[in-house]
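Engineer: I need the structure of the sequence given here:
(one chain, ligands or ions: 2)
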Amino acid sequence: MSTFKAPKGTYDLIPPVSATFLAVREAIAAPLKNSGYGYIETPGFENVELFARGVGESTDIVTKEMYTLTTKGGDQLALRPEGTASVLRAALEANLHKAGNLPVKLWYSGSYYRYERPQKGRYRHFSQVGAEAIGTEDPALDAELIILADQAYRSLGLSQFRILLNSLGDKECRPVYRAALQDFLGGLDLDEDTRRRSEINPLRVLDDKRPEVQKQLVGAPMLRDYLCDACKTYHEQVRELLNAAGVSYEDDEKLVRGLDYYTRTTFEFVHDGLGSQSAVGGGGRYDGLSEMIGGPSLPSVGWALGVDRTVLALEAEGIELELPATTSVFAVPLGEEARRLLFGTVTELRKSGVAADFAYGGKGVKAAMKAANRSGARFTIVAGERDLAEGVVQLKDMESGEQEAVALDKVTDEIRRRLG
Ligand code: ATP
Ligand code: MG
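Structural biologist: Ligands and ions are numbered 1, 2, ... in the order given. Okay, the predicted model is just below:
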């Protein structure tokens, strides 16, 4: 063992669990690829100012959780704590919104960094798959994203999750609500931090998990009672489209994303088997974000799903994904001549698309067969001097245990035929 360990709040993804991670990423991406979303990849770090503006100066992410650094050249950078601001920045920079084909639909997958107190389901380095639909205001787009996330979770076999849904209003009605809420909060007995938060970002206070705060929030004005007609109609349409798609959700009037640019539809996916880190994903409409980072008005909607917590959700539901065996054929050579020939066969199999592996290191037959077993291969090919003298190899079906001599120059075809 080396003297070095993975940094606090991080963990390594190693086989076999890493295969589940890959499968989860793919399962989340599949419905997006199938629905017109194009893949985008942005740098792991950005100018710190992008997040300060694009995530919000008053958020925990920016005030407490961001990894910032100054480069030797004096640039102020931050490891990305989330994906939306970067994706929108990249779309604006490439003028994707001017190509005349709105919405611009993009999906991404990658690592994100937050300096948090590590605990189960909460890490300093974690993984998200996300989607953004940029430049169009249409309730069908909001519904589409929620439906696709639902589909992704279901395709993994998950069922113990719930979708929480709310509307945050728009620039017409939200300021009126904000003022009413601030007025209400002003009359409460709050600590210094919370008082400051209620000045900058009062909606966030509703999200405070502490019981002593929640107790005082009973009777707080609710956004629902302040929504303008346009927002009400919009939200009703999102709900109807979800109903028609058979996607169930819960109306949660307290669900907030307390940033000024978040508008209208907001939602969260929670899993009931995860304890306090229950959010497996979240998202919503952010009609004001583009302007906040210097772009034109581009009403948009998106979500990000946490890969780490989705894997924990699978564990909580006792789901083991059916992953295809990574190796179909394992070759066991007995002797130098066999080694040369079978190595060639393995290369040929791989070229023809069959996943194949080889007993390296001159192992004896016992150790080599153990390795073949461990690999999960459906077939082994074993060859010794006597086989080679006859121009054959022994092809063994590891499921049935049956073994048969097959001509060396026919073995690739025979294996491909048997694998179908
Ligand atoms: P939480 O309330 O749990 O802190 P969040 O609101 O900060 O979550 P988002 O910014 O909406 O989370 O990120 C989307 C998803 O990314 C979350 O639902 C979660 O699954 C995942 N996620 C966020 N932060 C972490 C983290 N520190 N470790 C692991 N996963 C995370
Ligand atoms: Mg958080």
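Engineer: can you list the domains in the protein?
Structural biologist: Here the domain parsing of the chain from automatic domain parsing is 17-173+227-316, 329-419.
Engineer: Same question for T380, what's its three-state structure.
Structural biologist: Per DSSP: H, G, I helix; E, B strand; the rest coil, the secondary structure class of T380 is strand.
Engineer: oh, I was asking about E253
Structural biologist: Under three-state DSSP, the three-state class of E253 is coil.
Engineer: deepest of the domains of the chain, which one?
Structural biologist: Ranked by mean neighbour count, those are led by domain 17-173+227-316 with a mean of 19 (mean count of other CB atoms under 10 Å). Quick note: C-beta positions are derived from backbone N, CA and C, even for glycine.
Engineer: Span of that one from start to end?
Structural biologist: Separation of the first and last residues of domain 17-173+227-316 by CA to CA, to the nearest Å is 15 Å.
Engineer: And the closest residue to ligand 1 within the stretch 51-200 of the chain, what's its pLDDT?
Structural biologist: Nearest residue of the stretch 51-200 of the chain to ligand 1, counting by CB to the nearest ligand atom: F126, 3.4 Å away. At F126, the pLDDT value in this model is 98.
Engineer: Show me the beta-bridge partners of it.
Structural biologist: Y112 (DSSP bridges).
Engineer: how about the residues of the chain that lie near ligand 1?
Structural biologist: Taking CB under 6 Å from any ligand atom as the contact definition, the chain meets ligand 1 at 82, 114, 116, 121-123, 126, 128, 277, 279-282, 304, 306, 308-309.
Engineer: at 5 Å what do you get?
Structural biologist: Residues of the chain lying close to ligand 1 by CB under 5 Å from any ligand atom are 114, 116, 122-123, 126, 279-282, 304, 306, 308-309.
Engineer: Now, those that are in helices?
Structural biologist: Using DSSP state H, 308-309 are the members of the residues of the chain next to ligand 1 that sit in helices.
Engineer: Run through the residues that contact D308.
Structural biologist: Listed by CB atoms under 8 Å, 6 or more residues apart in numbering, the contact set of D308 reads 121, 123, 126-127.
Engineer: cool, Y37 as well?
Structural biologist: By CB under 8 Å, 6+ apart, the residues touching Y37 are 105-107, 131, 133.
Engineer: Specify which member of those is nearest to G420.
Structural biologist: Taking CB to CB as the measure, W107 is the one of the contacts of Y37 closest to G420, at 32.0 Å.
Engineer: wait, doesn't that closest one sit right on G130?
Structural biologist: Yes. Because the distance of 6.7 Å satisfies CB atoms under 8 Å, W107 is recorded as touching G130.
Engineer: burial measure for R210, as a count.
Structural biologist: Taking other CB atoms under 10 Å as the criterion, the count of residues near R210 is 10.
Engineer: measure the residue of the chain found nearest ligand 1 to V280 for me?
Structural biologist: In the chain, the residue that lies nearest ligand 1 is G306 (2.1 Å; CB to the nearest ligand atom). Separation of G306 from V280 (CB to CB, to the nearest Å): 6 Å.
Engineer: what sits against the residue of the stretch 51-200 of the chain closest to ligand 1?
Structural biologist: F126 touches 111-112, 114, 306-308, counting by CB under 8 Å, 6+ apart.
Engineer: Looking at those, which one is closest to S290?
Structural biologist: Minimum distance to S290 across the contacts of F126 is 21.1 Å, recorded for Y112 (CB to CB).
Engineer: Quick check: phi and psi on the nearest residue to M222 once chain neighbours are set aside?
Structural biologist: Leaving aside its sequence neighbours, M222 sits nearest to E253 (CB to CB, 6 or more residues apart in numbering; 5.2 Å). Backbone torsions of E253, given as degrees, to the nearest 10, read phi -70, psi -10.
Engineer: I figured E253 was touching L164, is that so?
Structural biologist: No. Using CB under 8 Å, E253 is not in contact with L164; the gap is 9.9 Å.
Engineer: tell me which element T266 falls in.
Structural biologist: Element membership for T266 (DSSP states H and E) is strand 263-271.
Engineer: tell me the mean pLDDT for that strand?
Structural biologist: pLDDT averaged over strand 263-271 gives 96.
Engineer: what does stretch 279-296 give?
Structural biologist: Stretch 279-296 comes out with an average pLDDT of 95.
Engineer: Ends of that stretch, what's the gap?
Structural biologist: So stretch 279-296: terminal residues 32 Å apart, CA to CA.
Engineer: just stretch 98-112 next, same as before
Structural biologist: So stretch 98-112: terminal residues 29 Å apart, CA to CA.
Engineer: One more: stretch 289-300?
Structural biologist: From its first residue to its last, stretch 289-300 covers 8 Å (CA to CA).
Engineer: So which residues make contact with it?
Structural biologist: 50, 53-54, 84-85, 88-89, 92, 97, 103, 132-137, 260-261, 263, 285-287.
Engineer: In strands, which of those appear?
Structural biologist: Cross-referencing the contacts of stretch 289-300 against strands under DSSP state E gives 132-134, 263, 285.
Engineer: Just give me the closest of those to V332.
Structural biologist: Nearest to V332 among the ones in strands among the contacts of stretch 289-300: E132, at 49.8 Å, using CB to CB.
Engineer: Is that closest one in contact with G302, as I believe?
Structural biologist: Yes. Judged on CB under 8 Å, E132 makes contact with G302 at a distance of 3.6 Å.
Engineer: Mutual contacts of those two, please.
Structural biologist: Counting by CB under 8 Å, 6+ apart, the shared contacts of E132 and G302 are 84, 87.
Engineer: Can you name every helix or strand that the host helix or strand of W107 contacts?
Structural biologist: W107 belongs to strand 104-113 when assigned by DSSP H and E. Secondary-structure packing of strand 104-113 (3 or more CB pairs under 8 Å, 6 or more residues apart in numbering; DSSP states H and E): helix 17-33, strand 38-39, helix 84-93, strand 125-134.
Engineer: repeat that for 6 Å
Structural biologist: strand 125-134 (3 or more CB pairs under 6 Å, 6 or more residues apart in numbering; DSSP states H and E).
Engineer: Could you tell me the angle between the strand it packs on and strand 104-113?
Structural biologist: On the basis of axes from the mean of the first three to the mean of the last three CA atoms, to 10 degrees, strand 125-134 is oriented at 160 degrees to strand 104-113.
Engineer: Before I go, just wanted to say thanks for your time.
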